[in-house]
Every structure is written in C-alpha cells, then in structure tokens.
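J.: okay, predicted coordinates and the sequence, questions at the end:
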Amino acid sequence: MELRLATPEQLETVYDADLKVSFPAAELKPLRIIQRMLEDGYYRPWCLFDGTEIVGECFLWLGEPGWALLDYLCISPCCRNGGLGALLLEKMLEAEPGVVILGESEMPEYAPDPAMAQRRLGFYARNHARLAGYDTEMFGVPYKTLYWADAPISDQRLIEAHRAIYLKRFSPEKFARYVRIPREPNAKPLPQVAWNE
C-alpha cells in the first residue's frame, strides 16, 4: 500500500465513487470547490493505493504553515472493515510531519446515525486523536473537535488556527452565518444547508 497525491482525474473519480456515496450533502463540498482549493494551493488530496487501485482517501484542507484540517477520510465501500482506515490515517500522519491536524467528527446526539457517529469517534480515539475542549458547527452540522499533535495544545490556540482555516475561504459575513468555532455547548443547531462557498 502506498500513499500518493491524487491527480485531478483521480480526484474526480474518487469524489464520485467514494465521497458522494459516503457523506451526506450537508457535509460534502461540491467537487468544483475542492478543485479550486487544490488549484489555489490550499488542499492536499492524499489517496491510498493498492497497486493502481485507490482504496481510500484522506483529504487535507491547509491552513497557516504547520496546520491543516482533515477534511475527508474515506475508505472505498468495497474495502471497508479491514483496517485500511487506520493504515490510511497512519500513513497520512507520517507524510505530514510537524503538522497539527485538526478534525471534525459528527456529534452523536445530532447525527442521523448516532451509533455510527459514536463508532467514528472511537476510531479516531484509537488512532491517537486528542479531543479538544470545544465543539464546532458547519452549515448546521455540529461536530466534536479532534486534533493530532506531538503534544497537547491549548484550546485557544486550536480555535485560532481552526478559525483561520475557514476564514481563508469564507468572507467574515459568510463565516458568521454558517460557521461556529467554537460552538456554544447548549446552542441549538442552525438549519442544515448544503456546503457552499
């Protein structure tokens, strides 16, 4: 198994074959936005290859130097439950030494499938994710905040870097309308809308 960056053609293929079938519309960026972010130098579409076949994806949205957001982690539907998710995450972390990787995982109490959301959080915990002390909300979807780093980082520093990632793409007005970093603990979720830019 080898981790490599996807070509534009491979990106389009895995978006249609894997991401569109694995993520709800409220959590999935349109392909054109991902392509634009890649062209602008703010995106790294890591793919796990088994020979010539792509069996999983781990996409990073780049922030300030040394920071990134794990935008999507996905194993091809035909290859799931075989440990490839852990392998993919391990290889991505090896490929990004010294980078603090932020993550967002759906809060079980608001998820369409609470048991799956809980299992996802367990997967990240088993794979060395630290749980931040704040939650977030994007386009009406509440998330637990995770991160991978060599040592603990203060919530204030995490929040600053997390906000900076979104503010690179969104105007302050759009950020205020659709993004909550941090999300107040007892806040009701905003209405869900499809990811947009």
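T.: Thanks, I have the structure now.
J.: give the contact list for the residue nearest the centre of the chain.
T.: Note on the chain: the residue nearest the mean C-alpha position is D71, at 2.3 Å, using C-alpha atoms, centre = their mean. Residues touching D71, when contacts are defined by C-beta atoms under 8 Å, 6 or more residues apart in numbering, comprise 29, 43, 59-61. The way it works is simple: take the backbone N, C-alpha and C, and place the C-beta from them, glycine included.
J.: same thing with V193?
T.: For V193, the contact set (C-beta under 8 Å, 6+ apart) comprises 26, 139-140, 178.
J.: re the thing from before, direction included, what does the host helix or strand of the residue nearest to the centre of the chain pair up with?
T.: Here D71, judged by DSSP states H and E, is contained in strand 67-75. Strand 67-75 has the following sheet partners, assigned by DSSP bridges: strand 53-62 (antiparallel), strand 100-106 (parallel).
J.: C-terminal to the shortest one, what's the next element?
T.: Reading on from strand 100-106 to the C-terminus, the next helix or strand found by DSSP H and E is helix 114-126.
J.: tell me the buried residues in that following helix?
T.: Of the residues in helix 114-126, those scored as buried under the neighbour-count criterion (16 or more other C-beta atoms under 10 Å) are 117-118, 120-121, 124.
J.: any stretches of this protein with poor pLDDT?
T.: Per-residue confidence for the chain (pLDDT under 70) gives these ranges: 196-197.
J.: all helices for it, in order.
T.: Listed from the start of the chain, the chain has helices (DSSP state H) covering 8-14, 20-22, 31-39, 84-95, 114-126, 155-167, 172-178.
J.: may I see these arranged in CSV, with distance to N186 as well?
T.: Converted to CSV, those look like this (distance: least, C-beta to C-beta, whole Å):
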stretch, distance to N186
helix 8-14, 38
helix 20-22, 30
helix 31-39, 31
helix 84-95, 32
helix 114-126, 19
helix 155-167, 18
helix 172-178, 20
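J.: looking at the ones you listed, which is nearest to E53?
T.: In this view, the helices of the chain are compared for proximity to E53 by C-beta to C-beta, and helix 8-14 is the closest at 10.8 Å.
J.: and the contacts of the closest one?
T.: Here helix 8-14 makes contact (C-beta under 8 Å, 6+ apart) with 6, 31, 34-35, 38, 45, 47, 54, 57, 74, 76.
J.: report the buried members of those.
T.: Neighbour-count burial within the contacts of helix 8-14 applies to 6, 34-35, 38, 45, 47, 54, 57, 74, 76; the criterion is 16+ other C-beta under 10 Å.
J.: between those, which is nearest L190?
T.: Of all the buried ones among the contacts of helix 8-14, I34 has the smallest distance to L190: 22.9 Å, by C-beta to C-beta.
J.: the closest one reaches Y43, doesn't it?
T.: Yes. Contact criterion C-beta atoms under 8 Å: I34 and Y43 qualify, at 6.3 Å.
J.: what do these two both touch?
T.: What both I34 and Y43 touch, as defined by C-beta under 8 Å, 6+ apart, is the set F59.
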